[in-house]
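Asker: next input, structure requested:
(chains A, B, C, D, E and F, ligands or ions: 6)
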Amino acid sequence: MTTDLVQAIQANLLSPAVLFFLLGVFATLSKSDLKFPEPLYLGLTIYLLTAIGFKGGVAIASAGIATVWLPALMAIVLGTLIPLWSYPILRFIGRLSPVDSAAIAAHYGSVSAVTFIAATNFLQSLNQPYEEYATAFLAVMESPAIIIGIVLGKLATQKPGESFLPTLKVALHEACLGRSVVLLVGAMLIGFLSGKRGYDATSGFFVAPFQGVLALFLLEMGMVAARRFGDLRKVGLFLVAFGMLMPLLHGSLGVILGHAAGLSLGGATLLGVLAASASYIAAPAAVRLSLPEASPTLYLTAALAITFPFNITVGLPVYFEIAKWLFGETP
Amino acid sequence: MTTDLVQAIQANLLSPAVLFFLLGVFATLSKSDLKFPEPLYLGLTIYLLTAIGFKGGVAIASAGIATVWLPALMAIVLGTLIPLWSYPILRFIGRLSPVDSAAIAAHYGSVSAVTFIAATNFLQSLNQPYEEYATAFLAVMESPAIIIGIVLGKLATQKPGESFLPTLKVALHEACLGRSVVLLVGAMLIGFLSGKRGYDATSGFFVAPFQGVLALFLLEMGMVAARRFGDLRKVGLFLVAFGMLMPLLHGSLGVILGHAAGLSLGGATLLGVLAASASYIAAPAAVRLSLPEASPTLYLTAALAITFPFNITVGLPVYFEIAKWLFGETP
Amino acid sequence: MTTDLVQAIQANLLSPAVLFFLLGVFATLSKSDLKFPEPLYLGLTIYLLTAIGFKGGVAIASAGIATVWLPALMAIVLGTLIPLWSYPILRFIGRLSPVDSAAIAAHYGSVSAVTFIAATNFLQSLNQPYEEYATAFLAVMESPAIIIGIVLGKLATQKPGESFLPTLKVALHEACLGRSVVLLVGAMLIGFLSGKRGYDATSGFFVAPFQGVLALFLLEMGMVAARRFGDLRKVGLFLVAFGMLMPLLHGSLGVILGHAAGLSLGGATLLGVLAASASYIAAPAAVRLSLPEASPTLYLTAALAITFPFNITVGLPVYFEIAKWLFGETP
Amino acid sequence: MILHPMKLVTIICEALARSHVTALLDEVGAHGYTLFSVEGVGAQGSRVADIEEFANIQIEVVLTSEPALQLMTRLERDFFSRFAMIAYLSDIQVIRSQKF
Amino acid sequence: MILHPMKLVTIICEALARSHVTALLDEVGAHGYTLFSVEGVGAQGSRVADIEEFANIQIEVVLTSEPALQLMTRLERDFFSRFAMIAYLSDIQVIRSQKF
Amino acid sequence: MILHPMKLVTIICEALARSHVTALLDEVGAHGYTLFSVEGVGAQGSRVADIEEFANIQIEVVLTSEPALQLMTRLERDFFSRFAMIAYLSDIQVIRSQKF
Ligand SMILES: Nc1ncnc2c1ncn2[C@@H]1O[C@H](COP(=O)(O)O)[C@@H](O)[C@H]1O
Ligand SMILES: Nc1ncnc2c1ncn2[C@@H]1O[C@H](COP(=O)(O)O)[C@@H](O)[C@H]1O
Ligand SMILES: Nc1ncnc2c1ncn2[C@@H]1O[C@H](COP(=O)(O)O)[C@@H](O)[C@H]1O
Ligand code: NA
Ligand code: NA
Ligand code: NA
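Answerer: Ligands and ions are numbered 1, 2, ... in the order given. I've put the predicted structure just below:
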C-alpha cells in the first residue's frame, strides 16, 4: 500500500487543479502582484456551488430519496459529533482557551465545499465512479457543527444571568441562510425538480467547463491560503499537528461510516473528505459574529493555511487509499 | 386548451431558468446575504446580449434581409403604437398624472431583452423551432416607444415657450447608443458579416453555455425583482392589474401580427413576448433623465416587480398556447 | 501576391474577433456608455493567459524541449536586439529625447500577448497548422527588451555618481514576477507537467470557449485603444509612421528567423507577429516606475493606439502572406 | 512647506446623474474630480450596487472657495429635487494651491 | 444660500460587522448612509479585497452633532474591542439641514 | 468620551504608484491605511477604471499632526512631479488617540 500511496500522491500533485493551487501559493510567496478581485472570486464561487448543487440534485432525483437518506443521516451525525471530541482535545491537550477550542471545533465539524469539489475532480481524473448525490452530504454537514461549536463557546464565556439565545438566532440565520447554503441547497432543489431534462439543457455550462473553472479557482485559493502562512508561527506546533492529524482521523471515520452506510468506494471517499475538511468561509463568518472573543488567527490559520492545503495535496489520495484498502481493492 | 395551459405553465415553472429566478426571489425575501456584484451582473449582461445578437445576425444573413424586413417593420409599428393606447388607459382609467402615464407607456412599448432570451430558452426546451432572426425584432423595438413616451411626457409637462428638443436629443442618444443597443445591434452586425464561419469558430462560447448562463442570470434577476416587491403596496391595485392584463393584450396582438407577417408558430410567439414585455433597464435610464418628474417607484415597480415575473413564470406558456391555438395546432 | 494580400486582409476584417475590436472602437468614438469594469477585464485576462499558457505547456511536453529551445533562443535574441536598433532610430531620426527613445524601444522589443493570441486565432480560422509551443516564445520575449530599454534610459538620464541598480532591481522584479509573467509561465509549467491527461480534463474550459472569449475581450481592447486616439495628434507624424513601419520590419525579420530555425509556416508567422507586436501592459508598468521622466503619452499611444490596431487588422494577414511567400507557397 | 486652504465638495448621487454632474463641474471650472461606485441608503430607498443604472456614485472635487460655493448653489437649484443626491462641503489643505 | 454645519462620521471596519453597524445607525437615528468596499492595513493585519467575508468596508454617515457623538460613544463601547475597526468624526457643511 | 484631534491625509494617484506610496507611509510611521480603486479626471487626463495598470487609487491615512506634515512634505518632494497625484490634509477627531 505504501508505494500505491506515494504514487497516488504524486499523481494528485501533477493534476492541473493542484498545480494551479501551488501556483497560487507561489504567486503570494514571491510577492507577485497577481490578485483576483472580489467580484471574480464571488462569480467563481457562485458558479461552483450552483453547478455542484444542481448536479447533486439531479442525482438525488434519479437515485431516489430512499437511497440518500441513510448516508445523509450518518453525515449529519458525524458532523455533530466531531466538535464534541475536538473540543476536549483542543482544550486539554492543546491547552487553548475554552472559546478558542469551541471555535476551532466548529470549523472542523463543518465542511469545505472547495475541498469536496476538488475531491470529485480527483475521483473523476481516476475514472473512479461515485454517488453524484454525495453533494447532499456536503449540504447537510455545513451547519450542525457550527451550531454545536457556538453553543459550546457560549457556555464557556457565559456570564451569569445572560441569555445566549439572541446570538444563537443570529448564528442559525447565518448557518441556514448564508450565501453558500442558499446557493448549494437551492441549486440542489432546482436540479431535483428539473431533472435530466434540465441537466441536458444546461450541461454546456454546468458540466463541460467545470473542471477547468475549479483549476482556476484553486489558483486563487492558493493565494488566499498562502497569505496566512505568515501566521503559522503564531499558532504553535500543537495546532499545526492538529490540522493534519485530525483530518486523517476524521477522514478514516468518514470512509468507514460511508462503507457501513452502503456507499461505493468513491462515495465513501467523499464522505471521508467531508469529515476531514474544515470550513473556512461559513464557519469563520458565523463564529466571528457569535464568538467575537475567539481569535481568528487561530481558527482561520488552522482551517485555511494548514488543513485546506494538506487535504488538497496529500489528504485526497490518502483517504482514497484508505477506502480502497477498506473495500478490499488492494491486496 | 385549459389543461394544456396548466400543464404548459407547470412545465415552465419546473425549468432550471424559472427555478433559478424563484430561488433569487426567495434569497431576497429571506434576507439572505447572497448578492451579485456589479461587474458580475455587467459581465453576464454583456455575454447574453452579444450572444443573442451574434446568433441573430448569423440567422439574418442566412435568411436574407428580404425575409426579415416585413415582420421587423410590424414589430416597429407595434412598439410605436403600444404607448399611444397605453397612455390614455393609464391617464383616464388609472387616473395617473400625465407624466407618470407617459413614462409607464414608454416602458410597455419598449422591450425586455431578458424576457426575450428566456422565451427563446423556453421554446428550445420544447424543441419548438423559431426564426433565429427574431432578435432583429428585439433590436428594433427597444427605442421607438421610449421616444414616443418621452415626447408624450414632455408635451404634458411643457411650460410655455420652453423647447424640449435638447432633452429629446439626450433621450435619442441614450436610446440609440446606450450600452444595450450598441452590444445587441453591434453583435448582430458582426454575426451578419462573419456568418456561418464565424458562428462555428465561436459556438463553444456563444452557444454551448448559453442556457446555463441565462439560468444563473435569472437568479440575479429574481433578487432584483424581489427587492421591489415592497413597493407593490405603494403603486395601487390598478397598476398591478395593468402590469398583468396589458401583457396579455399585447402578447395576443404580437402573436396575431406575427402570424399575419408569415412567421412560424415559434416566431409569432416571440413577437408576442416582445410586445408583452416591458423594459426595465433602457427605458428607466432614458425616462429618469428626460422626465425627472415621473415617479420611478411607479414605472420600475410595474415593469420589474409585476410584468417581468409575470411573463417569466406565466406569460411565456400563455403566449405560446395562444399561438398554438391561432396556428390551429390544438383542436 | 497583391490580390492575395487584399483578400487576406478582407477575410481578417470579417472575422468575429476583429469585428468585435472595431465595435469597441466605435463604442468609444460614439461616446456610448459601454464599459468593462476592472474585475471583468482582469477575469478575461487571467482566462486568456492561463489558457494559452496551459495549451502551450502541453504542446512543449509533447514536442520535447529539444525541439523548442533553438527557436526560443532566436526569439530571445530578437527581443534583445530590437530595442538596440529602435533606440537610434527614435533618437536620431525621430529626434525624441533619450529617455523617450529608450522607453519606446523597450515597448517594441517586448511583446503583446493579446496580439499573439489573436494571431493563433487568425491561423486557426484559416486551418493553418502552427507549433502550439510557440507560446514559449511569447513567454521568453516579454522581459529582455524591457530590461534593455530601461538600462538604455537609465544611462541616458543618469546623474554622475548615481547608481541605477535599485531601479533595475524593481524593474527586474516587475518584469519577472509581474502578473502576466506569473500566469503565463505558471500555466505553461502546469500544462507541461500535467500533459495530455490534464488537457483532456480541462479542455471544456481552456479550449472550447477560447475563441469566443477572445472576441469579447477584443471588444474591450477596441475601447481601450480608441480612448487613446485623441492623443494621436500629440505624438507627431514620425511616431505614427514608426508604429506601422517598424512592425512590418520586425514582422519580416521574425518570419525569416522562424524559417531559419525550422519552424513551420504557421510558427514562423507567429514569431513574426511577436516581433512586430509592442507591449502595452507589462512594458508601460515597468517603464512608468523605472523611467518616470519618459512620457506615457508617447509610448502608450504608439503601442496601444497605433501598433496594436494596425497589427490586429492589417498586420496579421501581412505577416502571414510574407511567410507564405518565403515558404514558397505562393507562386 | 506651506499648506493652502481649499474646499472639498463631496457629492453622493444616483449613477444616472453622472453626466449631468460632471458637466456642471466643468461649468464651475473644476480642474479634475474623482469618482467611484457606492451603495447607499437614503430618503429615496436603498441602492444596492449590482445594476449600474440603479446604483450610486460618490464624486469628490477639490476647489477654491468661490467655485465650491457656486457648485453647491447650482446643485441645490438644479439637482436636489431631481435626483437622489446629497452634497457636502469640507475644509481641506493642499500644497499646490495653483493646481485647483 | 446658507450652509449649515453638520458632522460626518466615517467608519472603516471588517465587512462582517456590517449588519451590526447599520443596525446601530438606525438606532441613533441616521437618515441614510453610504457604503463601499475597501482594502486596508491596520493593527489586525492586512485585508485584501478578494473574499468579501475577510474584507473591509467604509461607511460614511452625515448627522447632526448630537447623534454623531452618540454614535461615536456606542462604537467605542460595543464595537472597538470586538471588530477590526476605526472611526472618525469631521466637520462638514450642507445646504438642506433638515435632511440629516 | 473625549475626542482627540487627528489628521487625515487623502492621496489620489495612479495605481502604479501604490507600492511607492505605501512604502512612504511605513517610513513616516503610519499605523495603518485604507485603499480603494477610483476613476478620475485631472491634469494628466482621464483614468477609466478598467485596466488596473492605468487606473487610480485613493489612499486614506489617519495620523497625528507631525507625521502627517512629514508625509505631505515627502509627497511634494518625491512624488508630485513623478506621478499623476493629488493629496490633501483634513482635520478629524478620534476616540482612541493612541491608535494612530
Ligand atoms: N445621512 C446620510 N449620510 C450619508 N449618506 C447619505 C445620507 N443620506 C443619503 N445618503 C446617500 O445619498 C444617496 C441619495 O440619498 P437620498 O436622496 O436621500 O435617497 C443615498 O443612497 C446615500 O448613498
Ligand atoms: N491609521 C489608519 N489610517 C487609515 N485607515 C486605517 C488606519 N488604521 C486602520 N485603518 C483601517 O481600519 C481597518 C481596521 O483597523 P485595525 O482594527 O487596526 O486592523 C484597517 O484594515 C484599515 O482599513
Ligand atoms: N480637483 C480635483 N478634485 C478631485 N480629484 C482630483 C482633482 N484633480 C485631480 N484629481 C484626481 O487626481 C488624479 C490625478 O490628477 P492629475 O495628476 O491632475 O491627473 C486624477 O485622476 C483625479 O482622480
Ligand atoms: Na469536517
Ligand atoms: Na413591450
Ligand atoms: Na515586439
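Asker: tell me the contacts of A:Gly195?
Answerer: With contact set as CB atoms under 8 Å, 6 or more residues apart in numbering or on different chains, A:Gly195 has these partners: A:58, A:61-62. Any C-beta I mention is one placed from the backbone N, CA and C, and that applies to glycine too.
Asker: can you tell me the SS state at it?
Answerer: Classification of A:Gly195 using DSSP: H, G, I helix; E, B strand; the rest coil returns helix.
Asker: quick check: it vs D:Arg74, distance?
Answerer: 60 Å (CB to CB, to the nearest Å).
Asker: give me the average confidence score over stretch A:153-172.
Answerer: Taken as a whole, stretch A:153-172 carries a mean pLDDT of 77.
Asker: just the endpoints, please. Distance across that stretch?
Answerer: One end of stretch A:153-172 sits 15 Å from the other (CA to CA, to the nearest Å).
Asker: A:Ser290 reaches A:Leu152, doesn't it?
Answerer: No - using CB atoms under 8 Å, A:Ser290 is not in contact with A:Leu152; the gap is 11.1 Å.
Asker: the more surrounded of the two?
Answerer: A:Ser290 (28 against 23; other CB atoms under 10 Å in any protein chain shown).
Asker: identify the residues contacting A:Gln124.
Answerer: Per CB under 8 Å, 6+ apart, neighbours of A:Gln124: A:211, C:201.
Asker: I should have written A:Gly258 there, sorry.
Answerer: A:71, A:74, A:267-272, A:323.
Asker: dump those into CSV; add secondary structure as well.
Answerer: Output for the contacts of A:Gly258, formatted as CSV (three-state DSSP):
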residue, secondary structure
A:Pro71, helix
A:Met74, helix
A:Gly267, helix
A:Ala268, helix
A:Thr269, helix
A:Leu270, helix
A:Leu271, helix
A:Gly272, helix
A:Ala323, helix
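Asker: in the stretch 1-150 of chain A, what residue comes closest to ligand 2?
Answerer: With CB to the nearest ligand atom, the shortest gap between the stretch 1-150 of chain A and ligand 2 falls at A:Glu38, namely 14.9 Å.
Asker: how far away is that residue from B:Phe36?
Answerer: 12 Å.
Asker: most centrally placed residue in chain D?
Answerer: Closest to where the C-alpha atoms of chain D average out (CA atoms, centre = their mean) is D:Ile11, at 3.1 Å.
Asker: list the contacts for that one?
Answerer: D:21, D:58-61, D:75, D:85-87.
Asker: hey, what's it bridged with?
Answerer: Beta-bridge partners for D:Ile11, by DSSP bridges, are D:Ile59, D:Ala87.
Asker: what residues does the helix or strand bottoming out on mean pLDDT in chain D touch?
Answerer: Ranked by mean pLDDT, DSSP states H and E, the weakest helix or strand in chain D is strand D:45-47, scoring a mean of 84. Under the criterion CB under 8 Å, 6+ apart, residues D:14, D:39-41, D:54-56, D:84 lie in contact with strand D:45-47.
Asker: next one: stretch A:285-297
Answerer: By CB under 8 Å, 6+ apart, stretch A:285-297 touches A:99-100, A:102-103, A:106-107, A:146, A:149-150, A:153-154, A:157, A:167-168, A:170-171, A:174-175, A:178, A:231, A:234-235, A:284, A:299, E:14, E:16, E:20, E:53, E:82-83.
Asker: pick the one among the contacts of D:Ile11 closest to A:Ala260.
Answerer: D:Gln58 (58.6 Å; CB to CB).
Asker: okay but that closest one is in contact with D:Ala15, surely?
Answerer: No - using CB under 8 Å, D:Gln58 makes no contact with D:Ala15, being 10.4 Å away.
Asker: looking at these two, which is more packed in?
Answerer: D:Ala15 (22 against 19).
Asker: hmm, back to that, want to throw the contacts of strand D:45-47 into JSON lines with secondary structure?
Answerer: Formatted as JSON lines, the contacts of strand D:45-47 follow (three-state DSSP):
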{"residue": "D:Glu14", "secondary structure": "strand"}
{"residue": "D:Glu39", "secondary structure": "strand"}
{"residue": "D:Gly40", "secondary structure": "strand"}
{"residue": "D:Val41", "secondary structure": "strand"}
{"residue": "D:Phe54", "secondary structure": "helix"}
{"residue": "D:Ala55", "secondary structure": "coil"}
{"residue": "D:Asn56", "secondary structure": "strand"}
{"residue": "D:Ala84", "secondary structure": "coil"}
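Asker: among those, find the lowest-pLDDT one for me.
Answerer: Within those, lowest confidence goes to D:Phe54 (83).
Asker: the nearest residue to that residue once chain neighbours are set aside: neighbour count?
Answerer: Ranked by CB to CB, 6 or more residues apart in numbering or on different chains and with sequence neighbours excluded, the top spatial neighbour of D:Phe54 is D:Arg47, at 6.2 Å. Using other CB under 10 Å, the number of residues around D:Arg47 comes to 24.
Asker: done for today, thanks.
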